[in-house]
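Trainee: Got a sequence here, can you build the structure:
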Amino acid sequence: MSHQAYIESNKERFLNELLDLLKIPSVSADSRFAGDVKKTADFVAERLKEAGADKVEVCPTAGHPIVYGEKFISADLPTVLVYGHYDVQPADPVELWHSPPFEPVIKKTEEHPEGAIYARGACDDKGQMYMHVKAFEAMMKTNSLSCNVKFMIEGEEEVGSANLGTFIKANKERLKADVVLVSDTSMIANDTPSIDVGLRGLAYMEVEVLGPNRDLHSGVYGGAVANPATILCQMIASLHDENNHITIPGFYDDVVVVSEADRAEMAKAPFSLDAYKKDLGVNEVWGEKGYSTVERTSIRPTLEVNGIWGGYTGEGSKTVLPSKANAKISMRLVPGQNSHKIAQLFKNHFESMAPAYVKVTVTEHHGGEPVLTPTDSTEFLAAAKAMETTFGKKPIPTRGGGSIPIIALFEAELGIKSILMGFGLDSDALHSPNEKYGLFNFYKGIETIPYFYQYYAEMKK
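Mentor: Numbers count the residues shown, from 1 in each chain. Reported below is the predicted structural model:
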């Protein structure tokens, strides 16, 4: 029996198992659900054992446990490390859900005519993680597993994966593999498959501009003493030039320029600028000159003010010249850039341009590194061929605008690339009320994953 035939004959059971998994409220952020988080880890471990994994273990950490399992066939075969997470976001605000978040229901929609599962964690990441367990089962039961496989399923992704780095550092030999396979991202549409080949990094800063030693009367002192709020706005405004290019010296020095060929491939993705503007309620888009909207949100670095405050912001009026003003500023980074280097460049520049009549303090908060999977790499070619086999068309390589710091962690600690082969949709309401995951997507993932193993093994010979 082929793995496709096995999947077809077990579809209903696969779905019922996922529904049982979704009923457990594994909210990692809330200590009241700690017992449910552990119960979910045990559930995943049991399903891995039943599927045929060896050495399955629920590994304790300083926080929630990590589920590990493996199946070793031969030293001559490549090894795939499957990463996923079983924890979920809090369901709040619960009153906005159309049905209880931990009582999954299946409803047909225009976008999901075959039906979608509505539940917290349906897409992020229980539904997508469980595809790998069931794909592994299908390969084991049909004797078609063509790679060694290791599973590392964590329970703290939604709270920052604080203990994952410690686990990886302590288990480098155990986790040795050729590639990490992850399904915690999305594709363009059910009829337009895509693979994320890049993620941006992050450098997050906070700045404070301090003027007089107290709030002042704006009539008595205004015009004679520098206003920190005004100075802060002037300093922030100077961080972009007339082409919306970032003015920090050295900021672009290490940026890896994307080839015209790769930009042309990215441009094949369906995108309507009019629909984009209408959805956001803006009359025109803004960004770095010379790049499209899609490119501005993926292959180019950015600098954004995330929050700004100072002086009186309460009801009514209060005529003060504030003593200080603050802002939070984040920079999304692209391959070649380093978050710590960029943070230092920002700090040096912002402090150096401070006029003598104010004091400026810059604090670095957190960051993460950008990642890139070359489109001519073995892992990408195997994933692309797998998706082409099941979707009937080649997937479009895309770059995510956000950041997933753990992907850079895998590369730094294990020395291997990750394949972000997600089957969700951006419209699946991840982290929001009424999260959903299409049945088409769930089954398509289970069907596609074994082909990745097959083609990867063939290409690695």
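Trainee: any idea which helix or strand carries I7?
Mentor: Taking DSSP states H and E as the criterion, the element that holds I7 is helix 3-9.
Trainee: Now do the buried residues in the next helix or strand after that helix.
Mentor: Counting by DSSP H and E, the element after helix 3-9 in chain order, helix or strand, is helix 11-22. Buried positions in helix 11-22, judged by neighbour count with 16 or more other Cβ atoms under 10 Å: 14-15, 17-19, 21-22. All C-beta spots, glycine's among them, are computed from the backbone N, C-alpha and C.
Trainee: ditto for stretch 190-203
Mentor: Buried residues in stretch 190-203 (16+ other Cβ under 10 Å): 190, 193-203.
Trainee: Outside of the helix holding I7 itself, list whatever touches it.
Mentor: For helix 3-9, contacts defined as Cβ atoms under 8 Å, 6 or more residues apart in numbering pick out 14, 134-135, 138-139, 141-142, 144, 443, 446-447, 450.
Trainee: Return the distance of it from the chain's centre.
Mentor: 31 Å (Cα atoms, centre = their mean, to the nearest Å).
Trainee: Next: stretch 389-402.
Mentor: 16 Å.
Trainee: I would like the residues contacting it, please.
Mentor: Under Cβ under 8 Å, 6+ apart, the answer for stretch 389-402 is 185, 187-188, 191-200, 262, 265-266, 268-269, 297-299, 332, 375, 380, 383-384, 387-388, 420, 444, 447-448, 451.
Trainee: any idea how this protein splits into domains?
Mentor: Following automatic domain parsing, one finds the domains of the chain at 3-199+370-460, 201-255+301-368.
Trainee: Please name the residues that touch the residue nearest to G52 when sequence neighbours are not counted.
Mentor: Of all residues not flanking G52 in the chain, M140 sits nearest, at 3.6 Å (Cβ to Cβ, 6 or more residues apart in numbering). M140 makes contact with 51-52, 71 under the criterion Cβ under 8 Å, 6+ apart.
Trainee: can you pull out the strands in the stretch 51-200 of the chain?
Mentor: Listed in chain order, the strands of the stretch 51-200 of the chain (DSSP state E, counting those that start in this stretch) span 54-59, 66-71, 79-85, 105-107, 116-118, 148-154, 179-182, 186-187, 194-199.
Trainee: which one of these lies closest to K289?
Mentor: Of all the strands of the stretch 51-200 of the chain, it is strand 194-199 that lies closest to K289, at 21.7 Å by Cβ to Cβ.
Trainee: what about the spatially closest residue to V67 that is not a sequence neighbour, how many residues close to it?
Mentor: Distances taken as Cβ to Cβ, 6+ apart place I153 nearest to V67, at 4.2 Å, with adjacent residues excluded. I153 has 27 neighbours, counted by other Cβ atoms under 10 Å.
Trainee: Renumber starting at 275 from here on
Mentor: New numbering, starting at 275: the last item is I427.
Trainee: what residues are up against I427?
Mentor: For I427, the contact set (Cβ under 8 Å, 6+ apart) comprises 315, 318, 340-342, 356-360, 403.
Trainee: change it to 7 Å
Mentor: When contacts are counted by Cβ atoms under 7 Å, 6 or more residues apart in numbering, I427 touches 318, 340-341, 358-360, 403.
Trainee: Max pairwise distance over those residues: which two?
Mentor: Taking Cβ to Cβ, the two most distant members of the contacts of I427 are I340 and M403; they sit 12.7 Å apart.
Trainee: mind listing what E625 touches?
Mentor: Residues in contact with E625 (Cβ under 7 Å, 6+ apart) are 634, 636.
Trainee: Am I right that it sits in a strand?
Mentor: No - under DSSP: H, G, I helix; E, B strand; the rest coil, E625 sits outside any strand and is assigned helix.
Trainee: ok, so what distance separates it from D515?
Mentor: 20 Å (Cβ to Cβ, to the nearest Å).
Trainee: Could you do Y631 as well?
Mentor: Distance from Y631 to D515, by Cβ to Cβ: 25 Å.
Trainee: follow-up on the earlier one: can the contacts of I427 go into JSON lines with extra columns for neighbour count, distance to G674 and pLDDT?
Mentor: Shown next, in JSON lines, are these (neighbours: other Cβ atoms under 10 Å; distance: Cβ to Cβ, whole Å; pLDDT from 0 to 100):
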{"residue": "V318", "neighbour count": "25", "distance to G674": "26", "pLDDT": "98"}
{"residue": "I340", "neighbour count": "25", "distance to G674": "24", "pLDDT": "98"}
{"residue": "V341", "neighbour count": "27", "distance to G674": "26", "pLDDT": "98"}
{"residue": "G358", "neighbour count": "23", "distance to G674": "17", "pLDDT": "97"}
{"residue": "H359", "neighbour count": "28", "distance to G674": "17", "pLDDT": "97"}
{"residue": "Y360", "neighbour count": "28", "distance to G674": "22", "pLDDT": "98"}
{"residue": "M403", "neighbour count": "26", "distance to G674": "18", "pLDDT": "98"}
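Trainee: Great, nothing more from me.
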